[in-house]
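K.L.:
sequence plus the predicted model coming up.
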Amino acid sequence: MDTRRHGFASLHRSPDELDPHHSPRMEDTKLREKDHAVQVPQHKKFSFSKSHWASALAVGLTLLTLLSLQTLYTKSHTSNALVIPKCGPTPAEAKAQGCVFNPINFSWLPPDCYDKELFDEMLEEEMKRAGPWKWYLAPNFTQEIPQDWEDLSTHTHVWTEHRYHVLHCLGTWRTLHRSVMEGGLGLVPSFIEYGHTMHCAQFIGKAAVSDEMKPRQETVVMLFNGCSRPGDR
């Protein structure tokens, strides 16, 4: 039987087949070393998947937000919090009251509740990164309207892209952080609701590991908000 055809190296060779610098004992040793080397288990390298990073991001942002909420809650209960009435209840009335339209939260706010510096910064970053959002008057994406804040501020219900929802959540968290750091900034009630924080954390975590970030229908309903200021630190 030709042992070479079956994956074995024959050690019984004729003198003519033997290499003068080669010995069967050396070959046998090499084969055993090779067999032994093959049996050594290979350790797999551990790496973070998208789901790991998404979970870490969501948890980290949630913890940061909860810390901010705790600080704000303590301040609001140990100082004379100033409550600023709501705007509205229509775009025309809100404008007449001197309220400001906040595109990122799609709401009318009293001037003291609007962090113009932050939202202008976020809008500029987003427009440079991905350009204007698409806005529509109907869920079938057929009646497009331009991204003109004056015009959009008159529509109480519109549809837009999914990435707008992400920026809305990030804007809420950044507002909370700035309020803790600087103090005196007005906070919209929904910003400090735990349910909203958890919604945003779950939404961003899910979007990071799926096709959720692809353009899709997103409904936006206008809000008319007031806010409260925790007072000086």
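P.N.:
Yep, that arrived.
K.L.:
hang on, M222 packs against P103?
P.N.:
No. Contact criterion Cβ atoms under 8 Å: M222 and P103 do not qualify, at 10.9 Å. (C-beta placed from N, C-alpha, C; glycine too.)
K.L.:
can you pull out the strands in the protein?
P.N.:
82-84, 100-102, 107-109, 135-136, 144-145, 157-160, 218-221, 223-224, 227-229 (DSSP state E).
K.L.:
for this protein, give me the ranges with low pLDDT.
P.N.:
1-82, 183-185, 208-217, 228-233 (pLDDT under 70).
K.L.:
the closest residue to L137 other than its chain neighbours - how many residues pack around it?
P.N.:
Spatial nearest neighbour of L137, chain neighbours left out: Q143 (4.0 Å); criterion: Cβ to Cβ, 6 or more residues apart in numbering. Neighbour count for Q143, taken as other Cβ atoms under 10 Å: 12.
K.L.:
swap in the one 10 residues further on?
P.N.:
Burial of S153, expressed as a neighbour count using other Cβ under 10 Å, amounts to 20.
K.L.:
I'd say it and C99 touch.
P.N.:
No. S153 lies out of contact with C99 (Cβ under 8 Å); the separation is 9.9 Å.
K.L.:
re earlier: and the strands of the chain, which is most packed in?
P.N.:
strand 107-109 (a mean of 26; mean count of other Cβ atoms under 10 Å).
K.L.:
pairing partners for that strand, with directions?
P.N.:
strand 100-102 (antiparallel), strand 223-224 (parallel) (DSSP bridges).
K.L.:
which residues are contacting it?
P.N.:
87-88, 91, 94-95, 99-102, 153, 186, 188, 222-225, 227 (Cβ atoms under 8 Å, 6 or more residues apart in numbering).
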